[in-house]
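Student: structure of the sequence below:
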Amino acid sequence: QRVGCFSLVCDNPTEASKVESQMKLIARPMYSNPPLHGALLVSKILQDADLKQQWYQEVGVMAARIKDMRSLLRQNLEQLGSPHRWQHITDQIGMFCYTGMSGEMVDTLAASHSIYMTRNGRISMAGVNTKNVARLAEAVHAVTKDAKM
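Tutor: Residues are numbered from 1 along each chain as shown. The predicted model follows:
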């Protein structure tokens with residue numbers, strides 16, 4: 001049974017491509033037949049007052065961390081001297097962030113920096129942490145500094 005998230009960091013685009021193809025082979029059958037285990041687990045947690053309170057606290061910690069990563073990403077981009085306004089990063093809430101980057105910028109980010117997001121510029125903030133936020137900001141800055149957004 002599965003519950004949760006799987007994240008993976010690769011050293012280069014070639015390795016990432018190989019790993020991605022293998023992960024798709026594993027994931028496809030799982031999505032076509034989702035297990036009941038996760039729903040039962042959530043039901044059990046939400047029906048128990050103590051577990052529910054603990055869950056709310058843990059979700060609060062995760063939300064605060066993502067909010068902090070949004071602030072750090074914006075601060076890093078501004079400190080790098082980006083000519084663009086990045087306020088939208090901290091104005092948004094949730095796990096995903098629309099960066100404002102074009103599909104072509106996203107392609108360059110992937111090809112030149114091995115950083116991946118959807119082609120509409122949406123990135124998962126859950127994957128951003130204190131160890132990679134500066135590198136992410138540097139890569140985004142490199143791709144966007146001379147572009148119109």
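
Student: CA only for contacts and neighbour counts going forward, please
Tutor: Will do.

Student: neighbours around Asn12, how many?
Tutor: 14 (other Cα atoms under 10 Å).

Student: need phi/psi at the closest residue to it other than its chain neighbours.
Tutor: Distances taken as Cα to Cα, 6 or more residues apart in numbering place Ser114 nearest to Asn12, at 6.2 Å, with adjacent residues excluded. Dihedral pair for Ser114: phi 50, psi 40, per degrees, to the nearest 10.

Student: how close does Ser114 get to Ala134?
Tutor: Shown here: Ser114 relative to Ala134, a distance of 14 Å by Cα to Cα, to the nearest Å.

Student: same check, this time on Asp11
Tutor: On the measure of Cα to Cα, Asp11 and Ala134 end up 17 Å apart.

Student: now do Lys145
Tutor: Counting by Cα to Cα, the separation of Lys145 from Ala134 is 16 Å.

Student: confirm Pro83 sits in a strand?
Tutor: No: read with DSSP: H, G, I helix; E, B strand; the rest coil, Pro83 is coil and lies in no strand.

Student: check contacts around it.
Tutor: Contacts of Pro83 were listed using Cα atoms under 8 Å, 6 or more residues apart in numbering, and they are Lys145.

Student: good, wrapping up.
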